[in-house]
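# sequence unknown, structure follows:
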């Protein structure tokens with residue numbers, strides 16, 4: 001109705017504007033065109049318009065089939081009076097006087113709004129059709145995703161009918177392929193009209209391609225549907241202050257994706273192509289985020305402070321270095337292939353520097369392979385147990401889906417022991433994502449062949465990543481399923497038996513400092529060394545069995561936590577020590593922990609339980625020493641004073657029972673008779689303390705790994721080794737001389753990965769970790 005009134009106003013303004021002259025043909029045709037447009041509008045909207053409104057319109061403006069108004073005789077068409085007035089302008093006599101400026105302005109606005117050219121009308125209809133098509137496709141995708149979700153729920157609930165399971169799975173696969181085809185179709189968009197008007201260099205494969213207007217509008221629409229807190233996080237990560245500027249955010253996200261994809265494509269570049277302006281800009285931003293001291297050293301080395309020149313030269317030099325490295329590796333590979341055809345294979349390899357018949361192949365490894373092997377233990381790269389490329393392809397196609405983890409490629413990145421899959425998790429709860437992938441893996445054909453972990457990227461940081469300052473996303477690491485220890489059971493059993501012998505020998509050795517017992521031996525020697533030693537075993541047994549008991553408490557705590565957390569451990573292997581009888585036990589994981597929290601609980605449980613048990617045994621021994629009669633006291637083993645001062649915690653307990661006078665004696669070699677429990681408790685306290693050294697696969701190493709991640713654990717291992725070596729060279733602690741080779745040979749590698757090694761520990765566990773470090 002309002003549109004009709006504006007059309008009437010158009011006619012009145014036009015008549016008033018031209019009343020001093022006869023109407024021209026063009027003005028008449030213009031009014032007729034407006035009338036025809038109005039007729040079409042009324043005809044197309046009559047189905048939804050109110051009949052009462054049309055009746056009032058006819059009464060006001062002289063419709064010929066109305067009840068009142070108008071004196072013409074028409075055929076009943078709903079034609080406004082100004083159409084006939086335009087054709088019979090000369091017969092119109094009455095002209096209403098109105099404000100000329102207002103009516104002329106209104107008439108001009110209506111004519112501009114209504115009188116569209118055919119090309120403009122076609123463009124308008126095309127845009128409307130495109131919008132409706134996009135809306136229909138969006139609704140179709142949402143409906144398809146909803147169907148997939150319902151079918152997966154139905155599949156989980158159906159546990160009996162296998163045929164129905166297969167039918168449901170086929171429906172899910174069909175719907176998933178439908179979405180994949182839609183994604184491929186949508187990726188083939190028209191890139192001829194960038195939204196910002198930039199030109200596209202078709203000859204440069206690394207040129208920045210801006211978003212088209214349609215793509216930009218689609219991304220803005222998607223961002224509008226995103227929760228505000230997520231927009232704030234994305235905007236902050238993109239370096240934008242205003243998260244409400246969706247256009248800037250969409251363009252920034254597109255530029256970030258372009259830069260990441262460009263770096264990946266340039267890794268396989270055969271001929272160097274100069275950097276684009278967008279790439280140079282991003283490299284400059286990453287360079288400026290480096291610490292000032294690093295930038296200053298780099299500028300001094302290159303003799304220039306021009307950031308653009310530095311990043312361009314650095315990028316090109318890095319590419320050339322990689323290219324030369326690839327050629328060298330290829331040459332070595334060709335030489336190895338050639339040497340395999342020579343009958344004197346061992347001599348050929350020796351000449352090439354690739355190894356010898358005495359020391360084995362010793363083939364050179366790349367920097368990346370060496371780094372990965374330091375980050376991941378040997379269990380993940382058992383010979384012949386790793387997955388093949390076909391296994392990885394099946395894993396991607398049959399196990400991963402759009403609801404768990406999406407990868408852009410059907411092939412993985414080969415690393416020692418397995419493959420790395422780079423992609424994006426589709427669940428916020430990573431533990432639930434691992435469980436969902438496990439369920440699909442168990443139903444697949446490779447369920448008994450591969451194992452996977454979600455870990456931080458184990459490959460070294462490239463120069464490009466360092467220059468750009470980009471954060472590295474976690475990856476899926478897929479390896480063989482068997483992660484059990486590779487040690488020979490016969491060897492481990494023999495080592496444990498040797499340890500028991502060392503413990504018994506140590507327990508006996510402490511009694512050699514007792515004068516009464518040595519006098520007894522001298523008397524036996526004079527009598528010809530009788531074989532009856534029943535009087536000696538009761539003296540040795542308390543020390544021997546109490547040390548085994550404390551170690552049993554330590555290992556039992558590990559086992560109970562492992563059972564409660566759902567992973568398995570191997571049987572402990574006792575490690576011998578000349579000074580303390582044993583250095584504890586090696587308890588390897590046969591299956592991985594669920595996450596870093598579970599690994600933290602497992603690592604801390606053993607030492608804490610062992611330290612508590614050691615203090616309890618030691619305190620009991622101190623009390624028995626304090627209240628022993630003279631006859632019993634005379635049969636106690638004796639230890640040097642310096643041995644009782646080995647532990648600050650143990651020394652504090654001694655001071656609490658005997659006072660400070662005992663340990664303050666100036667002669668450190670003075671022999672002190674004590675109950676065997678004091679010796680076993682103090683020795684076990686030292687052993688549990690050494691197990692907390694942050695090195696490799698010790699309990700301390702596991703605590704570090706669970707607290708700061710795999711990279712931090714590797715750095716901490718190197719630092720701890722340096723400290724121990726320095727202590728063995730410059731201190732009087734001879735025990736460290738045995739500890740260092742034991743750690744390097746038996747505990748040097750990091751623990752096998754957790755299933756979810758991305759999520760860290762919580763605050764309470766962090767506080768315990770700091771307290772444990774202080775205790776050690």
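Thanks, I have it. Remember, predicted model here, so these are calculated numbers, not experimental data.
# burial measure for residue 135, as a count.
Residues lying near residue 135 (other Cβ atoms under 10 Å) number 11. Bear in mind the C-beta positions are built from the backbone N, C-alpha and C, glycine included.
# in which helix or strand does it reside?
Element membership of residue 135, judged by DSSP states H and E, is helix 118-157.
# and that helix, what does it pack onto?
helix 162-187 (3 or more Cβ pairs under 8 Å, 6 or more residues apart in numbering; DSSP states H and E).
# what's near enough to touch residue 698?
For residue 698, the contact set (Cβ atoms under 8 Å, 6 or more residues apart in numbering) comprises 691-692, 743, 747.
# tell me the spacing between it and residue 691.
According to Cβ to Cβ, to the nearest Å, residue 698 and residue 691 sit 6 Å apart.
# what mean pLDDT does the helix holding residue 135 get?
Averaged over helix 118-157, pLDDT sits at 75.
# where along this structure do the strands fall?
405-406, 413-415, 418-421, 424-425, 450-455, 475-480, 573-577, 581-586, 638-640, 671-673 (DSSP state E).
# dump those to a markdown table, plus mean pLDDT.
Shown next, in a markdown table, are the strands of the chain (pLDDT from 0 to 100):
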| stretch | mean pLDDT |
| --- | --- |
| strand 405-406 | 92 |
| strand 413-415 | 91 |
| strand 418-421 | 93 |
| strand 424-425 | 90 |
| strand 450-455 | 94 |
| strand 475-480 | 94 |
| strand 573-577 | 88 |
| strand 581-586 | 88 |
| strand 638-640 | 87 |
| strand 671-673 | 87 |
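# put together a markdown table for these, with mean neighbour count on each row.
Below are the strands of the chain laid out as a markdown table (neighbours: other Cβ atoms under 10 Å):
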| stretch | mean neighbour count |
| --- | --- |
| strand 405-406 | 18 |
| strand 413-415 | 17 |
| strand 418-421 | 23 |
| strand 424-425 | 14 |
| strand 450-455 | 23 |
| strand 475-480 | 24 |
| strand 573-577 | 21 |
| strand 581-586 | 24 |
| strand 638-640 | 17 |
| strand 671-673 | 18 |
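# any chance of the ones you listed in CSV, plus distance to residue 772?
Listed next are the strands of the chain as CSV, based on distance: least, Cβ to Cβ, whole Å:
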stretch, distance to residue 772
strand 405-406, 34
strand 413-415, 32
strand 418-421, 32
strand 424-425, 31
strand 450-455, 24
strand 475-480, 28
strand 573-577, 21
strand 581-586, 16
strand 638-640, 28
strand 671-673, 30
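# and of those strands, who's closest to residue 172?
Closest to residue 172 of the strands of the chain is strand 405-406 (Cβ to Cβ; 15.6 Å).
# hang on, residue 265 packs against residue 207?
No. At 11.3 Å, residue 265 and residue 207 do not qualify as touching, with contact defined as Cβ atoms under 8 Å.
# more neighbours: which of those two?
residue 207 (18 against 12).
# show me the shaky parts of the stretch 151-300 of the chain.
159-163, 177-203 (pLDDT under 70).
# which stretches in it count as helices?
162-187, 213-224, 228-238, 246-266, 277-288, 292-302 (DSSP state H, counting those that start in this stretch).
# same question for the stretch 301-450 of the chain.
Per DSSP H, counting those that start in this stretch, the stretch 301-450 of the chain carries helices over the ranges 307-340, 345-352, 367-375, 389-394, 430-443.
# mean pLDDT lowest for which of these?
Note on those: lowest mean pLDDT is at helix 345-352, with a mean of 35.
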